[in-house]
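**Q** predicted structure and sequence below. I'll ask about it afterward.
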Amino acid sequence: MDREHIRNFSIIAHIDHGKSTLADRLLELTDTVAKRDMQDQILDSLELERERGITIKLNVVQLKYKAKNGEDYIFHLIDTPGHVDFTYEVSRSLAACDGAILVVDASQGIEAQTLANTYLALDNDLEIMPVINKIDLPSADIGRTKNEIEEIIGLDCSDAPCISAKTGQNVEDVLEGIVKYLPAPKGDVNKPLKALVFDSYYDSYRGVVVFICIKDGDVKVGDKIRFMQADTEYEVTELGVKTPYEVKKDRLSAGEVGYLCASIKSIQDIHIGDTITSAKDPCEQALPGYRKMNPMVYCGMYPTDNNKYNDLRDALEKLSLNDSSLTFEAESSKALGFGFRLGFLGLLHMEVVQERLEREYNLNLIATAPSVIYKVTLTDGSVIYIDNPSMMPEATLVESIEEPYVKASIMVPNEYIGPIMQLSQDKRGIYKDMVYIDDNRNQLIYEMPLSEIIFEYFDKLKSVSRGYASLDYEIIGYRPGNLVKMDILINGEIVDALSIIVHRDFAYKRGQAITVKLKELLPKQQFEIPIQAAIGNKVIARTNIKSLRKDVLAKCYGGDISRKKKLLEKQKEGKKRMKAIGSVEIPQEAFMAVLSLDDE
Amino acid sequence: MNEVKHLYVHVPFCRSICYYCDFCHRIYDHELAQKWLERFKKEIENSLVPGYETIYIGGGTPTALEYDELKTLLDYLKPYSQQAFEYTIEANPESLDEDKIILMKEYGINRISLGVQSTDTGILRSINRKHDFALIKEKIALLRKHGLDNISVDLMYSLPNQTLETLQKTLDDILSLDVPHISIYSLTIEENSVFGRKGISALDEEIEADMYELIEKCLTQNGYRHYEISNFCKEDCYSRHNMSYWNYEDFIGVSLAASSKIGSRRYTNTRSFERYFSSDDIHEEDIVLNKKEQMFEHIMMSLRTDLGLDIDGFERRYECKIEEEYPQGTGNPHIVIENGRMYCKDLAILNTVLLDFME
């Protein structure tokens, strides 16, 4: 197929605006997937993605379309994740495209991530076609939505398809729009091979499967290729496209998007964003590639059963084969034994990883509260980075602590501006700007510590705005803060896994809230047990777990022995799922208690 | 010679169903009772030998049987009851009458366990019991008139709508009866009971603990010995039969749902009338306990009483040193070892303490 009849594009949208549903309709209308094989959100291949209705990993699929002009086209739809955690993955997929479909929910209008994703697409020089979705909803306001897009983003909406991806109404217009408004890939098939690596996954039979977008030249099975950044060479063993099933090809040429295998043993050998060229006839300059996104959120994960440490390591190794943004290294905790410190792109990423580890690898895990990475300058002038609060050096050795800040952009209906400003202020946000969007909505810009966003900012944002506010944020660097390490002591012993870094002004309140929460969560013990929060040697809050008063089966005669023993065995099992700190058993939820403090 | 010294007999009938109960029983039916007696006769001829030292007829409600049926039952058991120095029968105040009392006396029954539960009429109705305190007094007088004064009263606490005040009143009423033995059980919501099916929830743990403390204080101050978690007695009027369970002795149980433990073997009869009537194999469960299991069960049962576990007997029986075998258990601060016995200081939290004796 010549380049003129190829279109490479992504669909971008705020979460829940109908991106995956539109993708499903496009697959159906182009007969890419037979009706009988159709399942909702077909591109979301992880079980978890479909269950949660979110896209995590990107995926690519080839569609064949006969346009009204009578000509045949090949579309490559490159799916993008819709959640703020995965901005990095979005930019990866956009780099492989020439155009993007911007889906906006006609009942909601533009949201924070609509903007964020649009800017990413503009950064990548993509042509953008707006699509107004959900016109079947009674609350849909097509005129207002078009206005917003034109005024805020500056995209012409006069020809924008107005569709319902759910009912299929006008979806045909989107296919025609792709042909008409989105550009064919540039590039020259006669130039030396230049291909962008935009994703990869590990397959135990073929090694690493690399997703590529051919910018110039072509590649054939048997060719010797070179990864320019990694500076490695391989021989191509397999090429193909996804339809969404894999279809093998002998050759991929400029404009095409597909996969490549070359007996590559480890995912670590592949850099996403790398450029593939021909070993014999290399191109002069590599593609710009992209900066690797560093994890921003860290937490410890420990098997509840210490004997499962090796199983957890194996699982993490396997999982990280297909998730290059997940980092892990061994750590140990006095309270929890041996485990790992994991780095994530954000909280959703963390939740997803924990759930996959528990579900797909059958592990029982204790996750500690997430932490950001602190930049600590010591009194001797040296600088260290701390991603585990319990590792924070003694206060006397610390000159200053800096923490990551984000620029948060919040789209909010007028009536909730007050509560959102209050909330942002409570979370140490610094007001920067308020941008008028339309009569009813504004965009608030705050700078605030990432750690505050992690501490339930998002949930609170949703609750104070009844779900109408939307959030996007980007990291803007490190800033000093008046931060201290707060320890939690149970029965007089510091539980290292419960230590957190807090702003000094909030320490007292947080310490109280945490000790009260722990009192609720910890099972009653055989003796009264104190729970304390302390900064250094100074205790700033205290509660007591009352001692257990009654736990015995009233009746136990001859016929009850079996049953009674089973009850005890169950109780014992439950106890095994907890971590014993000294004589106190601490259930899994307690380690997250430092996070969710609804009574603030 | 009979090596098993304790016999339990289950009578699987009731006249009405108490809301807290999930025991094996049916509403009394004359035909069914006849059929049961017939099958029961066959079962005991095959499984019992004379010479039991204690016999306990429980249920269900043994007195739910008609006079003639009760007589037949006691006749069947007669060959096995000759050496029984404690012969107990459970009785419901409504279905206990003078004729049945005379009958019991005739057959050597010397201990009565009376299902009282509460003396508060409102609470009694709320658990579907139909008697009142006046009837209790009347029946106890009747028992005493015929020389049956080894009476145990069954009570319950932590019942829906029960308060510390109504519980205290019940205790005062019971104390006025001056019976030698009281069993008092906290309500457990069983899944298959009426309460369980209705989704009634138990009282708050703290209130239950307060009630337990109240009971213990009140009864011990009035001369009762708290000899087992839920049992109180005057002087040495403890239940010999039940004590055999807590001493982890062998016992045999007959009729539906009854369990037996003989040596390392434990088996339990079916709860199904159909199977009981139609099959020769009526064991629903029949397992052999290994040494570890027996040791744990022995501790689990023994620690329920104020006498605790006889360490020497235990160590000889299982050829072990208890402190080496259970370092965590014997090290539990609620466990006391003195004068060759091991006790749990705080019986109210025995479950939690027992966990330290488990693997």
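**A** Cool, got the structure.
**Q** buried ones in the longest strand seen in chain A, by neighbour count?
**A** Ranked by residue count, the top strand of chain A under DSSP state E comes out as strand A:398-413. Burial within strand A:398-413, assessed by neighbour count using 16 or more other CB atoms under 10 Å in any protein chain shown, is assigned to A:398, A:401-413. Yep, even glycine has a C-beta here, placed from its N, CA and C like the rest.
**Q** so where's the chain uncertain?
**A** Picking chain A for this. Across chain A, residues meeting the criterion (pLDDT under 70) sit at A:1, A:33-58, A:81-93, A:289-293, A:322, A:577, A:579, A:582, A:595-600.
**Q** meant chain B actually
**A** By pLDDT under 70, the low-scoring segments of chain B are B:1-2, B:24.
**Q** which residues in the stretch 251-359 of chain B form strands?
**A** B:252-254, B:259-262, B:265-269, B:283-288, B:309-310, B:335-338, B:341-344 (DSSP state E, counting those that start in this stretch).
**Q** can you say which of these is packed in most?
**A** Using mean count of other CB atoms under 10 Å in any protein chain shown, the stretch among the strands of the stretch 251-359 of chain B with the largest mean neighbour count is strand B:252-254, at a mean of 23.
**Q** and that one, how far from the chain's centre?
**A** Put simply, strand B:252-254 sits 14 Å off its chain's centre (CA atoms, centre = their mean, to the nearest Å).
**Q** now swap in stretch A:176-193 and tell me
**A** For stretch A:176-193, the separation from the chain centroid amounts to 31 Å (computed by CA atoms, centre = their mean).
**Q** which positions in it come out as buried?
**A** Here stretch A:176-193 shows A:Gly177, A:Ile178, A:Val179, A:Tyr181, A:Leu182, A:Ala184, A:Pro185, A:Gly187, A:Leu193 as buried, counting by 16+ other CB under 10 Å.
**Q** repeat for stretch B:127-134
**A** Buried positions in stretch B:127-134, judged by neighbour count with 16+ other CB under 10 Å: B:Ile127, B:Arg129, B:His131, B:Phe133.
**Q** hmm, who's touching that stretch?
**A** The contact list for stretch B:127-134, computed with CB atoms under 8 Å, 6 or more residues apart in numbering or on different chains, reads B:16-20, B:92-94, B:115-119, B:121, B:124, B:156, B:159, B:173, B:194.
**Q** equivalent analysis for stretch B:321-337, please.
**A** With contact meaning CB under 8 Å, 6+ apart, stretch B:321-337 is reached by A:526-527, B:295, B:299, B:311, B:314-315, B:342-346, B:349, B:353-354, B:356-357.
**Q** if we can go back for a sec, could you identify the buried members of the contacts of stretch B:127-134?
**A** Looks like the contacts of stretch B:127-134 have B:18-20, B:92-94, B:115-119, B:124, B:156, B:159, B:173, B:194 buried, using 16+ other CB under 10 Å.
**Q** how about those residues, which pair is most distant?
**A** B:Asp173 and B:Val194 (25.5 Å; CB to CB).
**Q** please name the residues that touch B:Lys5.
**A** B:Gly51, B:Tyr52, B:Glu53, B:Thr54, B:Ser244, B:Glu249, B:Asp250, B:Phe251.
**Q** burial count for residue 356?
**A** Since no chain was named, I'll use chain A. Neighbour count of A:Arg356, defined by other CB atoms under 10 Å in any protein chain shown: 19.
**Q** switch to chain B, that's the one I care about
**A** B:Asp356: 19 surrounding residues under other CB under 10 Å.
**Q** one more: B:Asp75?
**A** Neighbours of B:Asp75 (other CB under 10 Å): 12.
**Q** quick check: it is in a helix.
**A** Yes. Judged by DSSP: H, G, I helix; E, B strand; the rest coil, B:Asp75 forms part of a helix.
**Q** beta partners of A:Glu235?
**A** A:Lys224 (DSSP bridges).
**Q** my guess is it meets A:Lys220, correct?
**A** No. With contacts counted by CB atoms under 8 Å, A:Glu235 stays clear of A:Lys220, the gap being 10.9 Å.
**Q** re the thing from before, out of the buried residues of stretch B:127-134, who's nearest chain A?
**A** Set against chain A, the nearest of these by CB to the nearest CB is B:Ile127 (15.0 Å).
**Q** and that closest one, how far is that from B:Leu187?
**A** Distance of B:Ile127 to B:Leu187, computed by CB to CB, to the nearest Å: 8 Å.
**Q** joint contacts of the two?
**A** Among the neighbours of B:Ile127, those also in contact with B:Leu187 (CB under 8 Å, 6+ apart) are B:Tyr20, B:Met156, B:Leu159.
**Q** partner strands of the helix or strand hosting A:Tyr473, parallel or antiparallel?
**A** In the assignment (DSSP states H and E), A:Tyr473 maps to strand A:470-481. Applying DSSP bridges to the sheet, strand A:470-481 is found paired with strand A:398-413 (antiparallel).
**Q** next SSE downstream of the strand it pairs with?
**A** Next in sequence after strand A:398-413, counting helices and strands by DSSP H and E, comes helix A:417-426.
**Q** ok, A:Val189 to A:Ile152 distance?
**A** Counting by CB to CB, the gap between A:Val189 and A:Ile152 amounts to 39 Å.
**Q** ok, now how distant is the nearest residue to B:Asp346 once chain neighbours are set aside from A:Tyr385?
**A** Leaving aside its sequence neighbours, B:Asp346 sits nearest to B:His334 (CB to CB, 6 or more residues apart in numbering or on different chains; 4.9 Å). The gap separating B:His334 from A:Tyr385 is 47 Å, by CB to CB.
**Q** neighbour count: these two, which is higher?
**A** B:His334 (18 against 11).
**Q** want to try CSV for the buried residues of stretch A:176-193, with secondary structure and distance to B:Ala202 as columns?
**A** Formatted as CSV, those follow (DSSP: H, G, I helix; E, B strand; the rest coil; distance: CB to CB, whole Å):
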residue, secondary structure, distance to B:Ala202
A:Gly177, helix, 64
A:Ile178, helix, 64
A:Val179, helix, 69
A:Tyr181, helix, 67
A:Leu182, coil, 66
A:Ala184, coil, 72
A:Pro185, coil, 70
A:Gly187, coil, 73
A:Leu193, coil, 74
